[in-house]
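Participant: Take this sequence and fold it.
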Amino acid sequence: MELAQLIPLAGAHLETRILCDVAAGARRFPIQAFLLGSTRPDAPAVGFFGGVHGLERIGAQVAIAYLRSLVMRLAWDETLHRQLETMRLVFMPLVNPGGMWLGTRANPNGVDLMRNAPVESKERVPYLIGGQRMSAKLPWYRGAAGGHMECESAALCTLVETELLGRPLSVTVDCHSGFGLTDRIWFPYAHTARPIRHLAEMHALCEILDQSLLHHRYKLEPQSRQYLAHGDLWDHLYLGADHRAGVFLPVTLEMGSWLWVKKNPRQLFSRHGIFNPVIEHRHQRVLRQHIGWLDFITRAVGSHERWLPTGTRRAHHEQQAMMRWYGRH
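Facilitator: Numbering: from 1, shown residues only. Modelled structure (predicted):
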């Protein structure tokens, strides 16, 4: 409903696409993308994603809240208009509407979309949570071996490939909840503990985050520091990108939902309460906090030529990153 209200408010500035539609019981839901800004293929870009897991409503709400903020600023913010002349913003705020309607982590077919890509870990992954093919009745089901990706997963990948890859810099932010007491920003890989090719660029982004948002509470780290998994969509897209054409940095915002439960233990008795802030003032606080970070990412990508490392600076950042995240030179 909120997304439908934003379309007429944005007018010609906002392009809307229906990528596919999914069935959930007797209902059908469109999966939509919303695009703003420059259509130049060489413009830097940011993609914002949410609702990959149907139970994690707060992820979709954060992405939608940021889109709403931008749309409402279009009426008066000249700086935003100049920013959009030079960069592309892509939103897919509700990747799994069927799962959200049913109140499940998986999509209506019982598939966990973040375990659905054709990426196999050759290292040991945790039982079940790392992805399993035994049954859709168990959590973290990957789908049948050798089968096609689910339409939601395929739509996300197609949108990223057509709108975000091949640019001088593109960053994707996938908003989730449900891990620990700390808000974490994860970057690939999920399927292996080895470093990504753009470790130096990720460290440079982390450095300007630390310098610009002095009191932030985000912990930026490779996902492999926490656990390994099969089938991660962002690993799949990163592995398939042509890195000669530009820098692609996918990150996942993993909001620490245990903090909400700690402050309100009664949420444990609600399936949605485990993954989302229930009390209204906490919900509003979460939106305010993360919208600021999403705006930081947008500004950083739009100004990438000022901080993206090259030459000896890139070598320095890579060395610092290896020490910071892998404990070695």
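
Participant: by contact count, what packs against the helix or strand hosting S69?
Facilitator: According to DSSP states H and E, S69 maps onto helix 57-73. Counting contacts by 3 or more C-beta pairs under 8 Å, 6 or more residues apart in numbering; DSSP states H and E, helix 57-73 packs against helix 2-10, strand 45-50, strand 88-92, strand 169-177, strand 247-255, helix 280-302. (Each C-beta comes from the backbone N, C-alpha and C, glycine too.)

Participant: Show me the strands in the stretch 101-250 of the chain, by range?
Facilitator: Secondary structure of the stretch 101-250 of the chain by DSSP state E, counting those that start in this stretch: the strands cover 169-177, 184-187, 219-222, 247-255.

Participant: Paired strands for the third one, with orientation please.
Facilitator: Taking DSSP bridges as the criterion, strand 219-222 forms sheet pairs with strand 184-187 (parallel).

Participant: what ranges of this protein fall below the confidence cut-off?
Facilitator: Low-confidence segments of the chain (pLDDT under 70): 1, 268-269, 328-329.

Participant: hmm, back to that, just the CA atoms of the helix holding S69, as PDB, please.
Facilitator: What follows is helix 57-73, C-alpha atoms only, in PDB (Å, rounded to 0.1, in the frame of the first residue of the first chain):
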ATOM      1  CA  ARG A  57       9.500  -7.200   7.800                       C
ATOM      2  CA  ILE A  58      11.800  -4.600   9.200                       C
ATOM      3  CA  GLY A  59      14.200  -5.100   6.200                       C
ATOM      4  CA  ALA A  60      11.500  -4.200   3.700                       C
ATOM      5  CA  GLN A  61      10.400  -1.300   5.900                       C
ATOM      6  CA  VAL A  62      13.900   0.200   6.100                       C
ATOM      7  CA  ALA A  63      14.200   0.100   2.300                       C
ATOM      8  CA  ILE A  64      10.700   1.600   1.800                       C
ATOM      9  CA  ALA A  65      11.300   4.300   4.300                       C
ATOM     10  CA  TYR A  66      14.500   5.400   2.500                       C
ATOM     11  CA  LEU A  67      12.700   5.400  -0.800                       C
ATOM     12  CA  ARG A  68       9.900   7.500   0.700                       C
ATOM     13  CA  SER A  69      12.400  10.000   2.100                       C
ATOM     14  CA  LEU A  70      13.900  10.400  -1.400                       C
ATOM     15  CA  VAL A  71      10.500  10.800  -3.100                       C
ATOM     16  CA  MET A  72       9.400  13.400  -0.600                       C
ATOM     17  CA  ARG A  73      12.600  15.400  -1.000                       C
END
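
Participant: relative to strand 88-92, how tilted is the helix or strand that comes right after that helix?
Facilitator: Per DSSP H and E, the first helix or strand lying C-terminal to helix 57-73 is helix 78-86. With axes from the mean of the first three to the mean of the last three C-alpha atoms, to 10 degrees defining the directions, helix 78-86 sits at 90 degrees from strand 88-92.

Participant: could the strands of the stretch 101-250 of the chain go into a markdown table alongside mean neighbour count and distance to A10?
Facilitator: Below are the strands of the stretch 101-250 of the chain laid out as a markdown table (neighbours: other C-beta atoms under 10 Å; distance: least, C-beta to C-beta, whole Å):
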| stretch | mean neighbour count | distance to A10 |
| --- | --- | --- |
| strand 169-177 | 24 | 20 |
| strand 184-187 | 23 | 28 |
| strand 219-222 | 18 | 31 |
| strand 247-255 | 24 | 24 |
